[in-house]
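Q: generate coordinates for the sequence data below:
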Amino acid sequence: MTGHSELPRPRQQSTGAHHLAVGEIVVTTLQDALMSGSLGLIQNLDEDTASSLHRRSLRPDPPRITLNAYLLWLTDRLVLVDTGFGVLAGEEGGRMSAALAEIGVLPEAIDDVLITHVHPDHTGGLINHDDQPAFPNATVHIPGGELDFWMGREPEGISEALQQHFAAARRILGAIEARTERLDGDEVMPGITRVRLPGHTPDHSGYRIESNGDSLLIWGDIVHLPHIQLARPEAGVLFDVEGDQARRTRETLLEEVSEQQQLIAGHHLDFPGVGHIVRDGDGYRFLPHVWSPVV
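A: Just a heads-up that it's a prediction; the model follows:
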């Protein structure tokens, strides 16, 4: 018999997946990464305030940013909402495919992919290392304004980071062109509606999931550092393409989901990234969904 002192200590979590029932639809959170961040990413908020909020959160320093993707189990199809870093990942990312494998989902089984916006941490998983579609049977639905922006002419004087985002977008979108469907309307498929949330990128979008009277809004990148941006919604991040519009969208949406008690999910909310937003003084805070062993 092996004594407990001889057992190897765990170094990895056993799974990167979490399941939640929304009516007859099951929504699975897939954790792709836990990335190193920086308070320098925060815009439109003074450094002392950002540092104070971070210290009060008791989170690691430097801050860490969760990256999730979402798998929707519909009656007749499997739908991914974003795909994580994939082939563009460093050591901290690219776990989504392993999470899918753990729950027995092969890439060939994915019927559709919905993209919230064309940033590399949301679209890198669309291709493999040979720049071929990673989900060979899936139709990839991309908001039309995202295609126009990222495949159009680069604005003059953009940052080096934005130049890199353009290069990654063109590599990925070029590789999946034959499987891409432009999404200009809001009706995506039964049970799924697009919600326009511009600012972080020009046609950044969320997706509302509805079934049997239940509802979940997957809101994409409304926040990246929630312990700061929920408390101070005016705070943006360096990667916002249209910072003023992103702020207006965030402020409007936070008020809306808190008043309506709308269940939300976010790609950069702490795993599994599902819960409610409530008022807290002049700002807001996140109430995580209570875990259950039964879906």
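Q: low-confidence ranges, the stretch 51-200 of the chain, go.
A: 91-93 (pLDDT under 70).
Q: which stretches in it count as strands?
A: Using DSSP state E, counting those that start in this stretch, the strands of the stretch 51-200 of the chain run over 64-73, 78-81, 112-114, 139-143, 180-183, 187-189, 192-196.
Q: switch the ones you listed over to a markdown table; also include distance to residue 224 and mean neighbour count.
A: Every residue, glycine included, has its C-beta placed from N, CA and C. Output for these, formatted as a markdown table (distance: least, Cβ to Cβ, whole Å; neighbours: other Cβ atoms under 10 Å):
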| stretch | distance to residue 224 | mean neighbour count |
| --- | --- | --- |
| strand 64-73 | 6 | 23 |
| strand 78-81 | 17 | 24 |
| strand 112-114 | 20 | 24 |
| strand 139-143 | 19 | 22 |
| strand 180-183 | 24 | 16 |
| strand 187-189 | 25 | 14 |
| strand 192-196 | 19 | 17 |
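Q: distance to residue 97 added to these, as TSV?
A: Below are the strands of the stretch 51-200 of the chain laid out as TSV (distance: least, Cβ to Cβ, whole Å):
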stretch	distance to residue 97
strand 64-73	10
strand 78-81	11
strand 112-114	13
strand 139-143	16
strand 180-183	20
strand 187-189	24
strand 192-196	23
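Q: tell me which of the ones you listed lies nearest to residue 287.
A: Residue 287 sits nearest to strand 64-73 of all the strands of the stretch 51-200 of the chain, at 16.3 Å, using Cβ to Cβ.
Q: tell me which strands the closest one pairs with, and in which orientation.
A: strand 25-36 (antiparallel), strand 78-81 (antiparallel) (DSSP bridges).
Q: next one: residue 10 from residue 101, what distance?
A: 19 Å (Cβ to Cβ, to the nearest Å).
Q: what's the closest of the strands of the stretch 51-200 of the chain to residue 231?
A: Proximity to residue 231, assessed across those by Cβ to Cβ, is greatest for strand 64-73 (16.3 Å).
Q: related to what we said a few turns ago, most tightly packed of the strands paired with strand 64-73?
A: For the strands paired with strand 64-73, the largest average neighbour count (mean count of other Cβ atoms under 10 Å) is found in strand 78-81, namely a mean of 24.
Q: for it, C-alpha coordinates in PDB please.
A: What follows is strand 78-81, C-alpha atoms only, in PDB (Å, rounded to 0.1, in the frame of the first residue of the first chain):
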ATOM      1  CA  LEU A  78     -23.000  21.700 -30.700                       C
ATOM      2  CA  VAL A  79     -22.100  25.400 -30.800                       C
ATOM      3  CA  LEU A  80     -18.900  27.100 -29.600                       C
ATOM      4  CA  VAL A  81     -18.800  30.700 -28.600                       C
END
